[in-house]
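>>> Requesting a structural model of the entry that follows:
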Amino acid sequence: MATFKHISSKNADYGAAEKYLTFAHDEFSMKPTLDENGRLVPRENFRIATIGCGEEDFAIACMRANLRYGKNQKREDVKSHHYIISFDPRDGTDNGLTVDRAQQLGEEFCKTHFCGHQALVCTHPDGHNQSGNIHVHIVINSLRIEEVPLLPYMDRPADTKAGCKHRCTDAAMEYFKSEVMEMCHRENLYQIDLLHGSANRVTEREYWAQKKGQAALDERNEKITADGLPPRTTKFETDKEKLRQTLRAVLDTSTTFEQFSALLLQQGITVKESRGRLSYLTPDRTKPITARKLGDDFDYAAVMLRMTPVLACLEQNAHRVVEERAAALKADKNAPKRSVMERLHEKQTAVKNDGIQRTVDIEAKRAEGKGVGYERWAKVHNLKQMARAQFLLEIGFGSQDELDAAVNVAQANMQKSYAALKSFDPKIAEQKTLQDWILKYIKTKDVCKGINTIKREKDRAAYRQKHEADFIIYESARRYFDTQGIKKLPTNAAIRAEIQRLIAEKNAAYNVYYADKERFKELQTIQHNLAKLHGEPTPEKTKKKEQEL
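Below you'll find the model as predicted:
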């Protein structure tokens, strides 16, 4: 899923940003990584480009602009803004996202939403945690060097003028997040709802605290292991994460809010409720931790929802399943014990065989030049997948006809959810078009209304000729409102809220479509493998024969 982050910087050295983006840095100290000769180590496979700097370097161009307008001269001034768009690691393999394409998307995003600013756009193929997530850095000079149109997130006249500074407000962040979500939907990339909270909200500070704590714990465990002793714990948890686990454990056993508060108080945690918001005070703190900093699962609405009878019944069912599994494991104690290597192999194969895969066309692979070793592996792989498909057929469907019917139903559901997903595109486009015309109307309204104060016809003609472009835009906007039947213009905030609502609903529709798509692919794979098992033509080959006929 793509995420969006913002960091403001008061560092007057604009070259430091480019140095960070192009050379490797230590993830904890943020100091440059040096080789054995004391030289900087360049990053690998990155893309970088400057926007609005002309032929000059980014740092020089920014300093010249600051001197020209007399801005960013004080120590407390915000010199630059750093925005990061991180894509899902699966986008590279599943959706064909490349570093070059991500760089292109980043440059387009910068030119659209940060026009008038000198900018540095850089794309890295991986993150600190080596998860393979392609991410784009956009660093802009806080000073605007050109006058720009009134963008949807702007609410002051100074936000468009040259010589004024960029402001990252809450409305701006919501607008940027909605645009990132819309970009991912347009490019068919994985995406989550950025406009609403998450079940577990991990801040930047908590993330790095966990990383540093884990590194220190690993270092201590190495010394303990070297002494021949087993380490007591191998996973570091922050205080907030420990609090989340405690809250979840208490929520699973509580039926009323009073019981929830009493159980927490037994563990030394005080719950405070103020204006519908919860906060939690632990024994080692003097200031409570708000539910907003922990995640949406711990706010007042979510906690009260967990106390409803329906959810309590679901919780009881969940506990019953857990107890049944524990009893089954306890009854299996007399079974012969397996070695560590056998259990490790079982764990690895269980993870790998969690889903069903398509069989391999051995003849086609042999024609491509694959050797005997690959053919031997492919035969075993095909047998495993056919057996798994037969097993899934037996436990899930009574016959081949039921499977074929389920495939047709899954395909119909996928097409239906896809149509529902695409139905949001014209609605969002309509709102954005209306927003664009309203912004144009507002910007030209005062100029065009100024002609009413001029009495002489000759002066009115001269005034209209001087502001001809503004009159054309203003009259075009009026015609658009008339054709749409709009008598009273909605506010910019109302339109922005409506666009964000539509994008959030589109994101939910995308999740439904993705689930239907995965279900259809799974059933289609079972159908394909069973056809191979029984020696029947696969659906693809049948389709090709029909086309040939």
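
>>> got the residue ranges for the strands in the chain?
With DSSP state E, the ranges of strands along the chain come out as 3-9, 47-51, 80-86, 117-124, 135-144, 270-274, 277-281, 289-290.

>>> Just to check, Y153 is in contact with T169?
Yes - the pair Y153 / T169 is scored as a contact, 7.2 Å apart, by Cβ atoms under 8 Å. Using the backbone N, CA and C atoms, a C-beta is placed for each residue, glycine as well.

>>> who has more neighbours, these two?
Neighbour totals were compared for Y153 and T169, and Y153 leads with 21 against 13 (other Cβ atoms under 10 Å).

>>> contacting residues for that one?
169, 171-172, 174-176, 496 (Cβ atoms under 8 Å, 6 or more residues apart in numbering).

>>> I'd like to know how far the residue lying farthest from the centre of the chain sits from Q465.
Distance from the centre of the chain peaks at R456, with 59.2 Å (Cα atoms, centre = their mean). As for R456, its distance to Q465 is 14 Å (criterion: Cβ to Cβ, to the nearest Å).

>>> So, low pLDDT: which residues of the stretch 301-450 of the chain?
305-359, 380-400 (pLDDT under 70).

>>> top helix in the chain by residue count?
Among the elements of the chain assigned as helix by DSSP state H, the one spanning the most residues is helix 492-533.

>>> how far is that helix from where the chain is centred?
In terms of Cα atoms, centre = their mean, to the nearest Å, the centre of helix 492-533 is found 15 Å from the chain centre.

>>> ok, now stretch 89-97?
Distance, centroid of stretch 89-97 to centroid of chain: 13 Å (Cα atoms, centre = their mean).

>>> Could you check that stretch and say which residues are buried?
Neighbour-count burial for stretch 89-97 flags 89, 91-92, 97 (criterion: 16 or more other Cβ atoms under 10 Å).

>>> Which of the residues you listed sits closest to E55?
Using Cβ to Cβ, L97 is the member of those that lies nearest E55, at 31.2 Å.

>>> What residue, apart from its backbone neighbours, is nearest that closest one spatially?
Spatial nearest neighbour of L97, chain neighbours left out: D91 (4.0 Å); criterion: Cβ to Cβ, 6 or more residues apart in numbering.

>>> again with V180
F4 (4.8 Å).

>>> cool, and L502?
Excluding its sequence neighbours, the residue lying closest to L502 (Cβ to Cβ, 6+ apart) is I428, at 5.0 Å.

>>> shaky segments in this protein?
In the chain, residues with pLDDT under 70: 1, 28, 128-131, 196-199, 305-359, 380-400, 529-530, 532-549.

>>> domain assignment for it?
3-186, 204-311, 397-549 (automatic domain parsing).

>>> so which of the ones you listed comes closest to G371?
Across the domains of the chain, closest to G371 is domain 397-549 (Cβ to Cβ), at 22.1 Å.

>>> Please determine how far D446 is located from T453.
11 Å.

>>> Now stretch 297-304: buried residues?
297-300, 302-303.

>>> ok now stretch 456-466, how far from the chain's centre?
53 Å.

>>> What's the local residue count around Y513?
Counted by other Cβ under 10 Å, the residues lying close to Y513 total 20.

>>> Quick check: the gap between it and K416.
For Y513 relative to K416 (Cβ to Cβ), the value is 9 Å.

>>> Pick out the residue closest to the middle of the chain.
Note: the chain centre (Cα atoms, centre = their mean) maps to A2, 2.7 Å.

>>> Could you tell me how far that residue is located from K19?
The value you get for A2 to K19, if Cβ to Cβ is used, is 26 Å.

>>> Repeat that for H135.
Counting by Cβ to Cβ, the gap from H135 to K19 is 18 Å.

>>> the more surrounded of these two?
Higher neighbour count among H135 and K19: H135, with 19 against 14, using other Cβ under 10 Å.

>>> doesn't F87 make contact with the more buried one?
Yes - H135 lies in contact with F87 (Cβ under 8 Å); the separation is 6.5 Å.

>>> Common neighbours of these two, please.
With Cβ under 8 Å, 6+ apart, H135 and F87 have common neighbours A102.

>>> Let me see the contact set for K5.
Here K5 is in contact with 83-84, 86, 204 (criterion: Cβ under 8 Å, 6+ apart).

>>> Are any of the residues you listed buried, and if so which?
83-84, 86.

>>> need those residues in a markdown table with distance to L434, can you?
Below are the buried ones among the contacts of K5 laid out as a markdown table (distance: Cβ to Cβ, whole Å):
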| residue | distance to L434 |
| --- | --- |
| Y83 | 27 |
| I84 | 31 |
| S86 | 31 |
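
>>> Which of those sits closest to Y69?
So of the buried ones among the contacts of K5, ranked by how close each gets to Y69 (Cβ to Cβ), first place is Y83, at 22.2 Å.

>>> Check the contact between that closest one and H6; I expect there is one.
Yes - at 5.5 Å, Y83 counts as touching H6 under the criterion of Cβ under 8 Å.

>>> list residues touching both of those two?
Shared contacts of Y83 and H6 (Cβ under 8 Å, 6+ apart): F176.

>>> ok so, going back, close enough to count as contact, the residue nearest to the centre of the chain and E187?
No - taking Cβ under 8 Å as the definition, A2 is not a contact partner of E187, at 9.5 Å.

>>> Mind putting the contacts of K5 into CSV with distance to D436?
What follows is the contacts of K5, written out as CSV (distance: Cβ to Cβ, whole Å):
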residue, distance to D436
Y83, 23
I84, 27
S86, 29
E204, 34
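
>>> ok, which pair from those residues is furthest apart?
So for these, where distance means Cβ to Cβ, the most widely separated pair is Y83 and E204, at 13.7 Å.
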